[in-house]
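Chemist: Fold the stuff below for me.
(one chain, ligands or ions: 1)
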Amino acid sequence: MSTRTSNERGIRPGKRESTMRGAVLYGAGDLRFEEHDAPTIIKPTDAIIRIAATCVCGSDLWPYRGLQPIAEPTPMGHEYCGVVEEVGSAVRTLKPGQFVIGSFFASDNTCPHCRAGYQSSCQQREFVGGAQAPMLRVPLADGTLVATPEVPPDDLIPSLLALSDVMGTGWFAADAANVKPGATVAVVGDGAVGLLGILSAKLMGAERIIAMSRHEHRQKLAREFGATDIVIERGDEGVARIKDMTDGVGADSVLECVGTQESMKQAIHSVRPGGSVGYVGVPHGVELSGQELFYAHVHLHGGPAPVRRSLPDLINQVWERSISPGRVFDLTLPLDQVAEAYRAMDERRAIKTLLRP
Ligand SMILES: [Zn+2]
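Modeler: Here you go, the predicted structure:
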């Protein structure tokens with residue numbers, strides 16, 4: 001079964017198991033929960049954390065569906081929170097026993113790009129992978145990980161985990177779309193990121209938030225997070241509905257949370273001249289015409305979210321229980337059922353699946 005029993009014996013640093021069972025993707029639809037080496041400190045700036053909870057990302061589904069080829073069997077998962085187990089000799093601000101959350105990109109948090117708030121473009125950035133496992137190595141631990149005030153109560157863990165990617169990404173979509181108090185905002189995409197983009201737009205003071213969704217279950221959550229209107233139409237029809245609802249003007253800000261040609265076009269066409277599109281869906285097959293962009297008069301900003309920028313503030317808000325981004329997890333499974341977690345999301349039976357080692 002899982003490694004849970006031995007983990008709970010409180011193994012000291014250096015006395016851990018040398019192997020563990022985690023999720024490894026072999027190819028389209030072939031996700032295995034299998035034994036591989038447990039991570040160890042490689043660089044003195046690393047930390048090893050014991051995962052409290054992890055989850056499946058919408059972006060994990062691209063390679064799972066065979067739409068993004070993988071070169072070799074790949075340990076999966078990049079959303080994580082947990083307890084520091086061991087730190088390298090150069091780590092100064094963290095110590096074993098602290099509960100931490102970090103981003104899918106490790107960052108030093110000191111270089112010029114980090115200081116400008118773009119930690120996901122850090123000059124030293126490293127992708128953090130293999131989080132769908134009991135243990136995880138996090139590079140650049142001082143810059144990457146943010147500790148909570150104390151070890152959280154169990155019911156806060158889903159919302160803290162959400163900050164590791166999905167909430168930070170929804171937040172960046174709203175930030176990049178320049179959402180201002182009183183604004184009219186449209187959100188393209190009703191996946192977990194889109195839903196948390198709604199929550200983020202609400203936090204930034206948007207007055208009207210139009211969710212584009214045709215799934216009843218997701219519409220309900222959208223309204224809970226702050227959506228004031230729902231548009232079920234897509235493509236040109238969806239754009240026409242947004243225009244109708246804004247006296248022909250278009251939305252001030254549009255959050256693009258899908259990453260397809262259709263969703264990107266829908267976002268660009270829904271925004272008013274001078275408005276902004278924040279795009280965070282990883283683009284697959286998106287091509288934009290220079291002519292069209294030239295005449296659209298829109299601000300386009302997006303990319304991999306600098307999650308590290310929003311972590312301290314969002315941790316505070318979760319800690320004070322003023323937001324519950326963990327509401328997007330509508331399925332929780334033990335880690336050893338990770339293959340089912342992928343299937344449930346692939347088949348859209350779940351918005352987002354939380355996994356507990
Ligand atoms: Zn940096």
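Chemist: which SSE is Thr45 in?
Modeler: Thr45 belongs to no helix or strand when assigned by DSSP states H and E.
Chemist: what's it in contact with, if anything?
Modeler: Counting by C-beta atoms under 8 Å, 6 or more residues apart in numbering, Thr45 makes contact with 88, 90-91, 139-142. C-beta coordinates here come from the backbone N, C-alpha and C atoms, glycine included.
Chemist: now the strands: where do they sit in the stretch 251-357 of the chain?
Modeler: Ranges of strands in the stretch 251-357 of the chain, per DSSP state E, counting those that start in this stretch, are 251-256, 271-279, 299-302, 331-334, 353-356.
Chemist: Just the buried residues out of the contacts of Thr45, in ChimeraX syntax.
Modeler: Here is the ChimeraX command that picks out the buried ones among these, judged by 16 or more other C-beta atoms under 10 Å:
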select :88,91,139,140,141,142
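Chemist: Closest one to the ion out of the contacts of Thr45, please.
Modeler: Using C-beta to the ion, Leu140 comes nearest to the ion of the contacts of Thr45, at 8.2 Å.
Chemist: bridging residues for the residue nearest to that closest one when sequence neighbours are not counted?
Modeler: Nearest residue to Leu140 in three dimensions, chain neighbours excluded: Ala106, at 4.4 Å (C-beta to C-beta, 6 or more residues apart in numbering). Using DSSP bridges, the bridge partners assigned to Ala106 are Glu126.
Chemist: Pretty sure Ala106 sits against Pro139.
Modeler: Yes - between Ala106 and Pro139 there is a contact under C-beta atoms under 8 Å: 4.2 Å.
Chemist: what residues do these two have in common as contacts?
Modeler: 126, 128.
Chemist: how many neighbours does Arg50 have?
Modeler: 17 (other C-beta atoms under 10 Å).
Chemist: repeat for the one 5 residues further on
Modeler: Cys55 has 33 neighbouring residues, counting by other C-beta under 10 Å.
Chemist: Contacts only, for it.
Modeler: Contacts of Cys55 by C-beta under 8 Å, 6+ apart are 77, 79, 161, 166, 329, 341, 352-355.
Chemist: if we take the residues you listed, which one ends up nearest to Lys265?
Modeler: Val166 (24.0 Å; C-beta to C-beta).
Chemist: Next, find the distance separating that closest one from Ala28.
Modeler: Distance, Val166 to Ala28, by C-beta to C-beta, to the nearest Å: 23 Å.
Chemist: Also Glu256?
Modeler: Taking C-beta to C-beta as the measure, Glu256 and Ala28 are separated by 26 Å.
Chemist: how about the closest residue to the ion within the stretch 251-357 of the chain, what does it touch?
Modeler: Nearest to the ion, among the residues of the stretch 251-357 of the chain, is Arg308, at 9.0 Å (C-beta to the ion). The contact partners of Arg308, taken as C-beta under 8 Å, 6+ apart, are 102-103, 105, 107, 109, 114, 119-120, 143-144, 146.
Chemist: which ones among these come in contact with the ion?
Modeler: Contacts with the ion are made by 107, 114 out of the contacts of Arg308, judged by C-beta under 5 Å from the ion.
Chemist: Which entries within the contacts of Arg308 meet the buried criterion?
Modeler: Looks like the contacts of Arg308 have 102-103, 105, 107, 109, 114, 119-120, 143-144, 146 buried, using 16+ other C-beta under 10 Å.
Chemist: Contact distance from the ion - what residues of the stretch 51-200 of the chain qualify?
Modeler: Counting by C-beta under 5 Å from the ion, the stretch 51-200 of the chain sits next to the ion at 107-108, 111, 114, 122.
Chemist: Just the ones of these in strands?
Modeler: Judged by DSSP state E, strands contain none of these.
Chemist: and whichever strand or helix holds Glu237, what other elements does it pack with?
Modeler: According to DSSP H and E, Glu237 maps onto helix 235-245. Secondary-structure packing of helix 235-245 (3 or more C-beta pairs under 8 Å, 6 or more residues apart in numbering; DSSP states H and E): strand 208-212, strand 229-231, helix 261-270.
Chemist: Pick the most buried one from these.
Modeler: Of all these, strand 208-212 carries the top mean neighbour count, a mean of 26, counting by mean count of other C-beta atoms under 10 Å.
Chemist: Could I have the CA atoms of that one written out in PDB?
Modeler: Extracted in PDB, the C-alpha atoms of strand 208-212 (Å, rounded to 0.1, in the frame of the first residue of the first chain):
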ATOM      1  CA  ARG A 208     -19.700  43.000 -12.600                       C
ATOM      2  CA  ILE A 209     -18.100  39.600 -13.300                       C
ATOM      3  CA  ILE A 210     -19.400  37.600 -16.200                       C
ATOM      4  CA  ALA A 211     -18.500  33.900 -16.100                       C
ATOM      5  CA  MET A 212     -18.600  32.100 -19.400                       C
END
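Chemist: what comes up buried for the following helix or strand past it?
Modeler: Later in the chain than strand 208-212, the nearest helix or strand by DSSP H and E is helix 216-225. Of all the residues in helix 216-225, those buried under the rule 16+ other C-beta under 10 Å are 218-219, 221-223, 225.
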